[in-house]
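Novice: need the 3D shape of this:
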Amino acid sequence: MVDQIEEGVDIPCNAPFVPCEQDPEQMACKYKNQIDVYEMDADLAVGPVFARHIGHRLYRGEYHVLQVDAHVTFVQDWDEAIINQFEATRNEMAVLSTYLSDVNESIDPATGMAKRKGRPIMCNTDFETSHQGTHLRHLTQPERMPPIKDMPQMHPYWAAGFSFSRGHFVVNVPYDLYQPMIFQGEEISIAIRAFTYGYDSYTPHRSICFHTYAMGENKDTRNKVPHFWQHAQIYSGYVTAFVLCCLMMARCSSFSALAISVSIFEAYCRFPSFLFTHSTGIKAMKRLLGIIGMSPEVDPSTWDHREVSYAATFPFSLPA
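Specialist: Prediction:
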């Protein structure tokens, strides 16, 4: 847990509702030895990428790793449910990740189980232009009944607000600590590097947690939550400052570094033989482009969405 707080204003996230001496069965008391907390001053926050980089550095070899936003509510027995879904992929390199559905009317207060039967899938993404440049942005994602019933379905993107995988994901695809004040573009960066490393992104076929968005009955409460950009003026120079990046000693801003990495990946997409020399790799690249629907050079008749078939032929297997 990376807790960015303002002393005297915020309550630490791991603080129990009442002292542990009075109620030792509270989750924050009962499992406190299993919770690692890094507490930092909110004034020192330079955006979500750096905070999540710190979170990754707390990794100590756990078998699975879950990254999730703070304002998320889980269903009953969520841990067993997500592990079972992961194992259903039969893919050591699977990453279950998606934009979560809103918590309103999503969880049965009596049983703690999910009331929604559908699940969100990430396929609604477009280019957006801001003062930092043009970037891909994930929009509101559709929620539908999964056509594949017995396992998660592959999709082309990765979401920072919910990501579940084997622990080696945070070792092989770490956050870049040299991206201060980056918000839009963070997820594309991770998704590109994860894909080139060999990871596959899936959406869970059942939701195991839900997000508290600033909408409906939660609008007023969520809009009062502080945001990292409130301190943007303190670190305004970091957005345009020159930093060493891209492993080629180029002088560029944090957003420029991000844009360069995306441009390199775009070149690989146009000329996949540069990235893959094996025919299976080229087929995988074409298949991903087909799912995204952004390459007119790929014949739609060659698109293969048979996830079960793909999982059955994956060379990795989970331990018994």
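
Novice: what ranges does this protein have for its helices?
Specialist: Here the chain has its helices, by DSSP state H, at 27-30, 48-57, 78-88, 168-172, 186-197, 219-223, 236-240, 254-270, 279-292, 307-312.

Novice: which of those helices comes out lowest on mean pLDDT?
Specialist: Across the helices of the chain, helix 307-312 has the smallest mean pLDDT, namely a mean of 37.

Novice: contacting residues around residue 26?
Specialist: Residue 26 is in contact with 16, 17, 18, 20, counting by CB atoms under 8 Å, 6 or more residues apart in numbering. From N, CA and C alone the C-beta is placed, and that goes for glycine too.

Novice: show me how to select, in PyMOL, the buried members of these.
Specialist: Those of the contacts of residue 26 that count as buried under 16 or more other CB atoms under 10 Å are selected in PyMOL with:
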select buried, resi 16
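
Novice: hey, which helix or strand in the chain has the poorest pLDDT?
Specialist: The weakest-scoring helix or strand in the chain, judged by mean pLDDT, DSSP states H and E, is strand 243-245 (a mean of 32).

Novice: I'd say residue 203 and residue 101 touch.
Specialist: No. Taking contacts as CB atoms under 8 Å, residue 203 lies outside contact range of residue 101: 11.2 Å.

Novice: neighbour count for those two, which is higher?
Specialist: With neighbours defined as other CB atoms under 10 Å, residue 203 and residue 101 compare such that residue 203 has more, 25 against 19.

Novice: quick one: contacts for the more buried one?
Specialist: By CB under 8 Å, 6+ apart, the contact list for residue 203 reads 96, 97, 98, 119, 120, 121, 122, 152, 153, 155.

Novice: circling back: joint contacts of residue 203 and residue 101?
Specialist: In contact with both residue 203 and residue 101: 119, 120, using CB under 8 Å, 6+ apart.

Novice: and the strands in the stretch 101-250 of the chain, which stretches?
Specialist: 119-120, 125-130, 133-138, 143-144, 153-154, 162-166, 200-203, 209-211, 243-245, 250-252 (DSSP state E, counting those that start in this stretch).

Novice: on that earlier part again, turn the contacts of residue 26 into JSON lines, including pLDDT and distance to residue 199.
Specialist: Shown next, in JSON lines, are the contacts of residue 26 (pLDDT from 0 to 100; distance: CB to CB, whole Å):
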{"residue": "16", "pLDDT": "90", "distance to residue 199": "36"}
{"residue": "17", "pLDDT": "89", "distance to residue 199": "38"}
{"residue": "18", "pLDDT": "93", "distance to residue 199": "42"}
{"residue": "20", "pLDDT": "93", "distance to residue 199": "39"}
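
Novice: save the contacts of residue 26 as TSV, and put in distance to residue 181 too.
Specialist: Listed next are the contacts of residue 26 as TSV, based on distance: CB to CB, whole Å:
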residue	distance to residue 181
16	33
17	34
18	38
20	37
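
Novice: so which of the contacts of residue 26 is the closest to residue 189?
Specialist: Using CB to CB, residue 16 is the member of the contacts of residue 26 that lies nearest residue 189, at 36.3 Å.

Novice: thinking the closest one is in contact with residue 31, fair?
Specialist: No. Here residue 16 does not reach residue 31: they are 11.0 Å apart, not a contact under CB under 8 Å.

Novice: give the contact list for residue 190.
Specialist: Counting by CB under 8 Å, 6+ apart, residue 190 touches 158, 160, 173, 175.

Novice: ok, and the most crowded of those residues?
Specialist: Neighbour counts for the contacts of residue 190, by other CB under 10 Å, peak at residue 158, which reaches 26 neighbours.

Novice: so it sits against residue 189, correct?
Specialist: No. Applying CB under 8 Å as the test, residue 158 and residue 189 come out as separate, 9.4 Å apart.

Novice: who does residue 128 form a beta bridge with?
Specialist: Residue 128 has the following beta-bridge partners by DSSP bridges: residue 135.

Novice: ok, now how distant is it from residue 141?
Specialist: Separation of residue 128 from residue 141 (CB to CB, to the nearest Å): 15 Å.

Novice: neighbour count for these two, which is higher?
Specialist: The residue with more neighbours, out of residue 128 and residue 141, is residue 141; 21 against 14, by other CB under 10 Å.

Novice: can you check what pLDDT the model gives that one?
Specialist: Value for residue 141, per-residue pLDDT: 71.

Novice: let the chain start at 568 from now.
Specialist: From this message on, residue numbering opens at 568, which makes the last subject residue 708.

Novice: phi, psi for residue 638 please.
Specialist: phi -90, psi 60 (degrees, to the nearest 10).

Novice: was I right to think it contacts residue 792?
Specialist: Yes. Counting by CB under 8 Å, residue 638 does reach residue 792; the two are 7.4 Å apart.
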